[in-house]
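> Sequence and predicted model, in that order:
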Amino acid sequence: MGKIKVAIIGVGNCASSLVQGIHKYVEVPDDEPIPGVMHNRIGEYRIEDIEVVAAFDVDRKKVGKDLSQAIFTEPNNTIKFADVPHTGVTVERGMTHDGIGRYLSDVVVKSPHSTADISGILKEREVDVVINYLPVGSEMATKWYVEQILDARCAMINCIPVFIAREDYWRGRFEERGVPIIGDDIKSQVGATIVHRVLTRLMENRGAEIDNTYQLNFGGNTDFLNMLERDRLVSKKISKTGSVTSQMEEEPDTDAIHIGPSDHVPWLQDRKWCYIHIDGKVFGGAPVKMEVKLEVWDSPNSAGVVVDAIRCAKLALDNGQSGAVFAPSAYFMKSPPIQFTDSQAHDMVEAFIADPAVNSAQVTARE
């Protein structure tokens, strides 16, 4: 099967963790567990088969640098867990559009270079899968990049809450071009959303009533700095809230649920602190209250999920699938085209890995 050629849009902390992971887990035996991934081998593909051949950014500190340097360049501030040798991949100047918000403009200065020929680069380097790591709220920029991806006939993994895979129009565009998409909005390995989903599902399964709940997140990376601009948070709040309420039998009142980031704390760097609170009732109307605090390094927490998503996207390509790939989207993403419980989605992905064509047909029929 060979390599999976990947292009990255946005060389931030998430890209840093992904690239580090690709270089860390080389020649690991199939029976040796790797934390954060479903399997060492998915189909015929191992982590070391993922090869980043192109990367795009607009930050003048990163454009023109080798990818091995750019991933450790400020304002990136995630944990370093692997050395990355010289890659020979130069970070190209991407498209800005709405990619730099009010607060990001204080730390990111646009490169003076003109925008590269994105579609041409994707075609020339025979890219299989493109990963969208743009900042939250980059609606116009994401859609501009989608057009380049479609023109180059690449698969896409949409890691941000700009809705592409779940929208009929964009799904149709990917179907027309004969290429797959996994999206939208990456769900971390053990992140705020997955923990909140599991807890609400637990309450539902045990027959408890949920009266109200909140989830507050804060951290020190540029994602949280960017989200201080509340206008950029509309799709993010929809994505996170919908992901949690999808696990409830009845949609709660708007005032009964609040999910969203609360602030940017620079000294936390790429660490994320999450507080979850749930109020409910059990037998006899007796009250039950639950509080959880979660602390994670935000970017490594999603990198393993993206490693699996890349390999599933390539399986879909190999099997001639187009449009949204339902099973991986349901398991890896907060806002997939179709929501399932996490246990259902897990089983669906395992079935997809065993036989992508059959699983896709089953999920489409279920829709």
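Ah, there it is. Numbering: from 1, shown residues only.
> Pairing partners for His258 in the sheet, please.
Tyr214 (DSSP bridges).
> is it true that it touches Lys237?
No: counting by C-beta atoms under 8 Å, His258 sits too far from Lys237 to count as a contact (9.1 Å). All C-beta spots, glycine's among them, are computed from the backbone N, C-alpha and C.
> What ranges in the protein fall below the confidence cut-off?
For the chain, the stretches flagged by pLDDT under 70 are 1, 358-367.
> How far away from the center of its chain is the longest helix along the chain?
When the chain is parsed with DSSP state H, its longest helix is helix 300-318. From the chain centre to the centre of helix 300-318 is a distance of 10 Å (C-alpha atoms, centre = their mean, to the nearest Å).
> Give the buried residues for it.
Buried residues in helix 300-318, counted by 16 or more other C-beta atoms under 10 Å: 300-317.
> just the strands in the stretch 201-350 of the chain please.
In the stretch 201-350 of the chain, the segments counted as strands under DSSP state E, counting those that start in this stretch are 209-219, 257-264, 271-281, 287-297, 323-324.
> Count the residues that sit near Pro287.
By other C-beta atoms under 10 Å, the residues close to Pro287 number 9.
> again with Glu27
Neighbours of Glu27 using other C-beta under 10 Å come to 7.
> Could you do Ile338 as well?
17.
> what does Asp83 give?
9.
> what's the answer for the one 5 residues further on, then?
One way to gauge burial is a neighbour count; for Gly88, by other C-beta under 10 Å, it gives 9.
> Got phi/psi on it?
In terms of degrees, to the nearest 10, the main-chain angles of Gly88 are phi 80, psi 0.
> Please tell me I have it right and it contacts Gln69.
No: taking C-beta under 8 Å as the definition, Gly88 is not a contact partner of Gln69, at 11.9 Å.
> hmm, back to that, now render the strands of the stretch 201-350 of the chain as JSON lines, adding distance to Arg177.
Putting the strands of the stretch 201-350 of the chain into JSON lines (distance: least, C-beta to C-beta, whole Å) gives the following:
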{"stretch": "strand 209-219", "distance to Arg177": "36"}
{"stretch": "strand 257-264", "distance to Arg177": "34"}
{"stretch": "strand 271-281", "distance to Arg177": "35"}
{"stretch": "strand 287-297", "distance to Arg177": "36"}
{"stretch": "strand 323-324", "distance to Arg177": "9"}
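> wait, which of these is closest to Tyr145?
Among these, the nearest to Tyr145 by C-beta to C-beta is strand 323-324 (17.2 Å).
> Give me the packing partners of the closest one, helices and strands only.
helix 168-177, strand 180-182 (3 or more C-beta pairs under 8 Å, 6 or more residues apart in numbering; DSSP states H and E).
> Since that was my last question, I'll sign off now.
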